[in-house]
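Asker: After the sequence you'll find the predicted model.
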Amino acid sequence: MENKKQVKYYLDTIYKIGAKVLLYKESKDEITTDNYNKRLFVIQRFESDGRVNLKHHLTTKESTSSQKTYEKSPHKYVISSNIKEWDNLPQAIRNSANGLKFLLEGKDFEMQLDGTIIFK
């Protein structure tokens, strides 16, 4: 019998529906008090292929995979898989969890009742 090395993996983070995330493009230093309101999203659902659906924290409309655009709002409700304009993020994002860079509430930051964010 051969002795195989046992590799141990440890669970670092659990993503839960309803958790808040702050998105960034390259570095978490991009997130400031001026723009975190635009970059704060909520995890809405997970798909079987590993994609995660996020919606902007102030959006009340539900998104479905068949609903691509909601025209009645002044801001189009678009499900986007690639983010091109970081100054004008869509109301909903559908992407792989590995394709997004974000800070997770509870692990990377805490949100106070008055809306202020405390980074860890």
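Answerer: All right, it came through fine. Numbering: from 1, shown residues only.
Asker: who's in contact with Lys16?
Answerer: If a contact means CB atoms under 8 Å, 6 or more residues apart in numbering, then Lys16 has Ile43 as its contacts. (Each C-beta comes from the backbone N, C-alpha and C, glycine too.)
Asker: Now do the SS call for it.
Answerer: coil (DSSP: H, G, I helix; E, B strand; the rest coil).
Asker: Got the confidence number for it?
Answerer: According to the model's per-residue confidence, Lys16 sits at a pLDDT of 91.
Asker: what's around the nearest residue to Asn98 once chain neighbours are set aside, how many residues?
Answerer: The spatial neighbour of Asn98 that comes closest, neighbours along the chain excluded (CB to CB, 6 or more residues apart in numbering), is Gly50 at 7.8 Å. Per other CB atoms under 10 Å, the neighbour tally for Gly50 reads 11.
Asker: I'd say Gly50 and Ala97 touch.
Answerer: Yes - because the distance of 6.5 Å satisfies CB atoms under 8 Å, Gly50 is recorded as touching Ala97.
Asker: Sheet partners, orientation included, of the host helix or strand of Asn53?
Answerer: Take DSSP states H and E as the rule and Asn53 turns out to sit in strand 51-56. Strand 51-56 has these partner strands in its sheet, going by DSSP bridges: strand 40-46 (antiparallel), strand 92-96 (antiparallel).
Asker: ok, back up a step: how about the contacts made by the residue nearest to Asn98?
Answerer: The contact partners of Gly50, by CB under 8 Å, 6+ apart, come to Ser96, Ala97, Asn98.
Asker: go with 10 Å
Answerer: Gly50 makes contacts with Asn95, Ser96, Ala97, Asn98, Gly99, as judged by CB atoms under 10 Å, 6 or more residues apart in numbering.
Asker: swap in His56?
Answerer: In this structure, His56 makes contact with 37-42, 75, 77, 89-93, judged by CB under 10 Å, 6+ apart.
Asker: how close does it get to Thr116?
Answerer: As judged by CB to CB, to the nearest Å, His56 and Thr116 stand 19 Å apart.
Asker: what's the nearest residue to Tyr24 if we skip its chain neighbours?
Answerer: With sequence-adjacent residues excluded and distances taken as CB to CB, 6+ apart, Tyr24 is closest to Glu30, at 4.7 Å.
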